[in-house]
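Colleague: The sequence isn't on hand, but the structure is:
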């Protein structure tokens, strides 16, 4: 999960967006969003998809982003941070990350439902 949060921060910085701007788009306080980027607040699947929309990328790019590929000028198979030489971006690693996020979201909703 730490890598996913770092990826969100990298995309935000690459898009030249401030934390304040992204927080406003998410309807969060600046403090709350900063905690999200630092991993002090759980990233929900809903927020992941909203962040992808704000950052103008798709969720799989956030989950699989590798900054080293962007700045590697010898690798001509990289487009917008995605290695297009292997068109199957839905790797086992991606699926595992996605499943983990979904499981945490289910648990969060279950806990929220139980408290209501």
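Modeller: Right, received. Where do you want to start? Model, not experiment: these values are computed from the prediction. Numbering: from 1, shown residues only.

Colleague: going forward, measure contacts between C-alpha atoms and count neighbours the same way
Modeller: Will do.

Colleague: Report all helices and strands that the host helix or strand of residue 60 contacts.
Modeller: Assessed by DSSP states H and E, residue 60 sits inside helix 59-64. If you count contacts as 3 or more CA pairs under 8 Å, 6 or more residues apart in numbering; DSSP states H and E, helix 59-64 packs onto helix 2-14, helix 45-55, helix 92-115.

Colleague: how about 6 Å then?
Modeller: Using 3 or more CA pairs under 6 Å, 6 or more residues apart in numbering; DSSP states H and E as the contact test, no helix or strand touches helix 59-64.

Colleague: what mean pLDDT does that helix have?
Modeller: Regarding helix 59-64, the rounded mean pLDDT is 84.

Colleague: where does it sit relative to the chain's centre, distance-wise?
Modeller: 6 Å (CA atoms, centre = their mean, to the nearest Å).

Colleague: Outside of it itself, list whatever touches it.
Modeller: 4, 7, 52 (CA atoms under 6 Å, 6 or more residues apart in numbering).

Colleague: Generate JSON lines for these, with neighbour count and distance to residue 31 as supplementary columns.
Modeller: As requested, the contacts of helix 59-64 are exported to JSON lines (neighbours: other CA atoms under 10 Å; distance: CA to CA, whole Å):
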{"residue": "4", "neighbour count": "19", "distance to residue 31": "19"}
{"residue": "7", "neighbour count": "20", "distance to residue 31": "19"}
{"residue": "52", "neighbour count": "18", "distance to residue 31": "20"}
